[in-house]
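*Asks:* Sequence first, predicted model second:
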Amino acid sequence: MKEILEYLSKLKALLDGFGLKNNENIIENVQKQMVSLLRLWNNKEVRNGIMFFSKEEAKFYLPKCNIDISSFVVCTIRNSLIETAHSDFYKEYSFEVQLSSEQIKKITIQAIGYFKNISLEKICHELDNDDKDNYYLNIVNSYPLAWHIILEIANMKKHESHFSKKIYEQKIVYLPLAKKQLPNEKNIVIEDGYATSFNTFLCESLENAVNSEQKVFFTDSFKYISRNFEKNIKILQYLLERDCSYVNFNYFISNGYLAIRNNLLKPAHDAKEIRYKFKNNNDLTSKHKKALKDISGLFFL
């Protein structure tokens, strides 16, 4: 635990240096996520499941290191209230300054540099196993279908899997009544990427997907939906309950079929990169390739 406290001290000093003085909530949030994941670290299947949403981004983080370390940094540090301080809504959360992209990069570089020299297995053994207070377990237990599918795909040995559908009689997730938020002239909704709320644009997109003939919901990558672990798994639960697939450039996820791109592509920064990624059909299963081809036809209408 002393290694965690030492890192949090370094993070606080970095945030203070950026002028983000009121950072206690960030430190508390990061600590909660780190300790919760480390309590489960030696359960490889569960660990892989919790870090699943982070892996496609973590692969490209610097400095280069073991994918488990960079995924740990993305999952517990990058995907935290740090994102809120980086968003255009930072003042609404009482942050005095907005973190820049360059400052975010310094945070992740510092974290990877620190943890690549630390034995996370050793820290795991030093922590108690208080499951009832575990941030991630409390979430996944609320979304059993999504968690079952995540465990399947996060621990796959091959690049695709056919399996019998997991059946749950009762639906758990229904879309909330969202506050109206219209896209701007570029058809982009701007919001805090760590918030758990659902805006109207997202709700309409999800409804359109489950009611469409294709029954597919597409995003470039998981971070395009949210950096909040619970929001991502909640959306996946909603889609799977309605027999709707989730597809991005790296993954095809459905209740009965899963696929992973052989070499993961880096999350896009803009529409130009997304257009280029549609042309990259290498390393895909035939079903995943067809799904992206069909989506590209709609994307470029």
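*Replies:* Arrived safely. Residues are numbered from 1 along each chain as shown.
*Asks:* Helices of the stretch 1-150 of the chain, residue ranges please.
*Replies:* Using DSSP state H, counting those that start in this stretch, the helices of the stretch 1-150 of the chain run over residues 2-17, 24-38, 44-50, 52-58, 67-73, 81-86, 101-115, 120-126, 135-140, 144-154.
*Asks:* Counting by contacts, list what the fourth one packs against.
*Replies:* In this case it means helix 52-58. Helix 52-58 sits against helix 67-73, helix 144-154, helix 229-241, with contacts defined as 3 or more C-beta pairs under 8 Å, 6 or more residues apart in numbering; DSSP states H and E. To be clear about C-beta, it is placed using only N, CA and C from the backbone, and glycine gets the same treatment.
*Asks:* buried stuff in the shortest one?
*Replies:* Within helix 67-73, the residues that qualify as buried are Asp68, Ile69, Ser70, Ser71, Phe72, Val73, counting by 16 or more other C-beta atoms under 10 Å.
*Asks:* now those as TSV including distance to Lys105?
*Replies:* Shown next, in TSV, are these (distance: C-beta to C-beta, whole Å):
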residue	distance to Lys105
Asp68	21
Ile69	17
Ser70	13
Ser71	17
Phe72	17
Val73	12
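*Asks:* Going by mean pLDDT, which of the helices of the stretch 1-150 of the chain comes out lowest?
*Replies:* Ranked by mean pLDDT, these bottom out at helix 120-126, which scores a mean of 93.
*Asks:* Pull out the buried positions in it.
*Replies:* By 16+ other C-beta under 10 Å, the buried positions in helix 120-126 come out as Leu120, Ile123, Cys124.
*Asks:* CA atoms only for it - export them in PDB, please.
*Replies:* Taking Å, rounded to 0.1, in the frame of the first residue of the first chain, the C-alpha atoms of helix 120-126 are listed here in PDB:
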ATOM      1  CA  LEU A 120       1.400  -5.100  -8.600                       C
ATOM      2  CA  GLU A 121       1.200  -8.700  -7.500                       C
ATOM      3  CA  LYS A 122       3.000  -7.900  -4.300                       C
ATOM      4  CA  ILE A 123       0.700  -4.900  -3.600                       C
ATOM      5  CA  CYS A 124      -2.300  -7.200  -4.200                       C
ATOM      6  CA  HIS A 125      -1.200  -9.600  -1.400                       C
ATOM      7  CA  GLU A 126      -0.800  -6.600   1.000                       C
END
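*Asks:* Might you report the residue contacts of the spatially most central residue of the chain?
*Replies:* Residue closest to the average C-alpha location in the chain (C-alpha atoms, centre = their mean): Phe53, at 3.7 Å. Phe53 is in contact with Cys75, Asn79, Phe222, Phe229, Asn232, Ile233, counting by C-beta atoms under 8 Å, 6 or more residues apart in numbering.
*Asks:* next one: His162
*Replies:* Counting by C-beta under 8 Å, 6+ apart, His162 touches Gly256, Tyr257.
*Asks:* Distance-wise, check it relative to Ile4.
*Replies:* For His162, the distance to Ile4 (C-beta to C-beta, to the nearest Å) stands at 41 Å.
*Asks:* Asn141 now?
*Replies:* Distance from Asn141 to Ile4, by C-beta to C-beta: 24 Å.
*Asks:* quick one, which of those two is more surrounded?
*Replies:* More neighbours surround Ile4 than the other of Asn141 and Ile4, with 19 against 11 (other C-beta atoms under 10 Å).
*Asks:* surely the more buried one meets Gln33?
*Replies:* No. Here Ile4 does not reach Gln33: they are 11.0 Å apart, not a contact under C-beta atoms under 8 Å.
*Asks:* domain assignment for the chain?
*Replies:* Using automatic domain parsing, the domain parsing of the chain gives 2-140, 144-299.
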